[in-house]
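Asker: What shape does this take:
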Amino acid sequence: MTGLRNIVLYDTAETHENLLPLSYTRPVGGFRLGIMTIKEKWQRYLPGEYSFKTVGYLQEKYKPVELGESLALFINGSLLPDPDVAAAISELEEGDLITDGETVLAFIAKDSDFEKLANLSKEDFSSYREVRVGARRLKFVFDIFLNNEKEIINDYHLMVAGKKSQPLSDSCTVIGKSEDENGSPNIFIEEGAVVEGAILNVKNGPIYIGKDAEVMEGCVLRGPIALGEHSIFKMGAKIYGGTTIGPYCKIGGEIQNIVVFGYSNKAHDGYLGNAVVGEWCNIGAGTNASNLKNDYAKIRIWNYRQQRFMRTDLQFCGLIMGDHSKAGINCMFNTATVVGVGVNLHGAGFPRVFIPSFSEGSPEGGFSSVSIDKFMTTAQRVMSRRGLELNDTDREICQYIYDYASKFKGKA
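Answerer: The predicted structure follows:
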């Protein structure tokens, strides 16, 4: 594969549907877990010119590189990189196929040939030489938080190698060794970040504080944890391991093993665990989300592809929330509640455990549809607070999701 620079992260229809509602608004390669997005991880392992091949309505925003008849490396966007997988892919030749025994993970082809591989299944590659690898990938939404602790540790070592951390303030208390067995720091503070009066426990994993982020006084952090740039842990927050907070977020209360993609707030008291929250979400003060059933039974969760609740074999699974959704003060979520895009929840009591996109209301008063115009107005208002715009392409994506998601109304 020497000299091959064009690398395409592709989505299959199956993966896209299984990862809704989070994949409604981004390619799977744009998902954040660990510290970086999947695309950013691959760029560290295999430098090149990256682009996406995803579902049609997202492709205008995530435009693919025009490859013509040149060869490109195609990588399944749900595949999580590690040194072994990256090494196997780097040795690929034209006509080779990387799989995990079941799923196509990577291959080299012309763009025109990619379009002919309609299902991207092993049967479409009958003439290829199969190379099997052990690999981790995102099959369902809960795989994000299940893999997050390992991904934080992997990303941490990639990001801090050869770099120097800002010093930690004397007002902080560190539990555990400040350096690992290789002499690398277990706490890394990027330029412009502020950490004062916090307790940082690194016995179980490192803590990464991004550029211009802030950890306010009284916070208690137990690694592995990643706090993205310009994000804030508010005073007295209790942050357990396996937690990733993307850029431009405000987080308070008690959280455990959650991933917030970015630009979302859970700024006040309340519990959230084993959860994934998209972008432009807000969770109001005093809101709590269960991650464990009262009878300790295995959890079922709504799956968009199957259009029913599926078994997970998990005992812990919390809130899954798509982009631009909101929960008011003192709301409650039952175990494994799935909230679509553009939902506005308020009032007391437990809502149903699947809330379709563009719904608003409360458990006691019922739900109704949010008009697309009202949604667009709110989304633009929220994004403008960060100096960003809901542009025409974003609006077209939202309109498509609005029309598509209507078929799920009344499903649960």
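Asker: Is the residue of the chain positioned farthest from its centre within a helix or a strand, and which one?
Answerer: Here the chain reaches farthest from its C-alpha mean at S127, the gap being 34.9 Å by C-alpha atoms, centre = their mean. Using DSSP states H and E, no element contains S127; it sits outside every helix and strand.
Asker: so what's it closest to, chain neighbours aside?
Answerer: G95 (7.3 Å; C-beta to C-beta, 6 or more residues apart in numbering). All C-beta atoms are positioned from the backbone trio N, CA, C, and that covers glycine.
Asker: worst-scoring helix or strand of the chain, pLDDT-wise?
Answerer: helix 111-116 (a mean of 72; mean pLDDT, DSSP states H and E).
Asker: The residue farthest from the centre of the chain touches L97, doesn't it?
Answerer: No. At 9.4 Å, S127 does not count as touching L97 under the criterion of C-beta atoms under 8 Å.
Asker: what's the overlap in contacts for these two?
Answerer: With C-beta atoms under 8 Å, 6 or more residues apart in numbering applied, the contact sets of S127 and L97 do not overlap.
Asker: how close does the nearest residue to C249 once chain neighbours are set aside sit to G246?
Answerer: Take C249 and drop its neighbours on the chain: the residue closest to it by C-beta to C-beta, 6+ apart is S231, 4.3 Å away. Note on S231: its distance to G246, by C-beta to C-beta, to the nearest Å, is 7 Å.
Asker: just for the chain, where's the confidence low?
Answerer: Where the chain drops to pLDDT under 70, the residues are 1-4, 115-119, 410-412.
Asker: how does it look with 80?
Answerer: Low-confidence regions of the chain, defined by pLDDT under 80, span residues 1-4, 65-69, 111-124, 180-183, 409-412.
Asker: what comes up buried for stretch 122-140?
Answerer: For stretch 122-140, the neighbour count (16 or more other C-beta atoms under 10 Å) marks 125, 128, 131, 133, 135-138, 140 as buried.
Asker: scratch that, stretch 88-100
Answerer: Buried, per 16+ other C-beta under 10 Å, within stretch 88-100: 88-89, 92, 96-100.
Asker: Show me which of these is closest to M216.
Answerer: Closest approach between those and M216, by C-beta to C-beta: I89, at 42.0 Å.
Asker: Wait, the closest one touches D82, no?
Answerer: No. The pair I89 / D82 is not scored as a contact, 10.8 Å apart, by C-beta under 8 Å.
Asker: anything in contact with each of those two?
Answerer: By C-beta under 8 Å, 6+ apart, no residue touches both I89 and D82.
Asker: Settle this for me: the residue nearest to S127 is touching V131, isn't it.
Answerer: No. The pair G95 / V131 is not scored as a contact, 10.9 Å apart, by C-beta under 8 Å.
Asker: counting contacts, what elements does the lengthiest helix in the chain pack onto?
Answerer: Criterion DSSP state H: the longest helix present in the chain is helix 143-160. For helix 143-160, the packing partners by 3 or more C-beta pairs under 8 Å, 6 or more residues apart in numbering; DSSP states H and E come out as helix 38-45, strand 136-137, strand 187-189, strand 207-209, strand 225-227, strand 243-245, strand 254-262, strand 271-279.
Asker: Which SSE is immediately downstream of the fourth one?
Answerer: Following the chain from strand 207-209 toward its C-terminal end, the next helix or strand by DSSP H and E is strand 214-215.
Asker: Now do that next one: distance to the chain's middle.
Answerer: With C-alpha atoms, centre = their mean, to the nearest Å as the basis, strand 214-215 stands 21 Å off its chain's centre.
Asker: That one pairs with which strands, and in what direction?
Answerer: Paired strands of strand 214-215, with direction, are strand 194-195 (parallel), strand 232-233 (parallel) (DSSP bridges).
Asker: Name the next helix or strand following that strand along the chain.
Answerer: strand 220-222.
Asker: Partner strands of that next one, with direction?
Answerer: For strand 220-222, pairing defined by DSSP bridges yields strand 199-201 (parallel), strand 238-239 (parallel).
Asker: Tell me which of those strands sits most buried.
Answerer: With neighbours defined by mean count of other C-beta atoms under 10 Å, none of the strands paired with strand 220-222 is more surrounded on average than strand 238-239, at a mean of 22.
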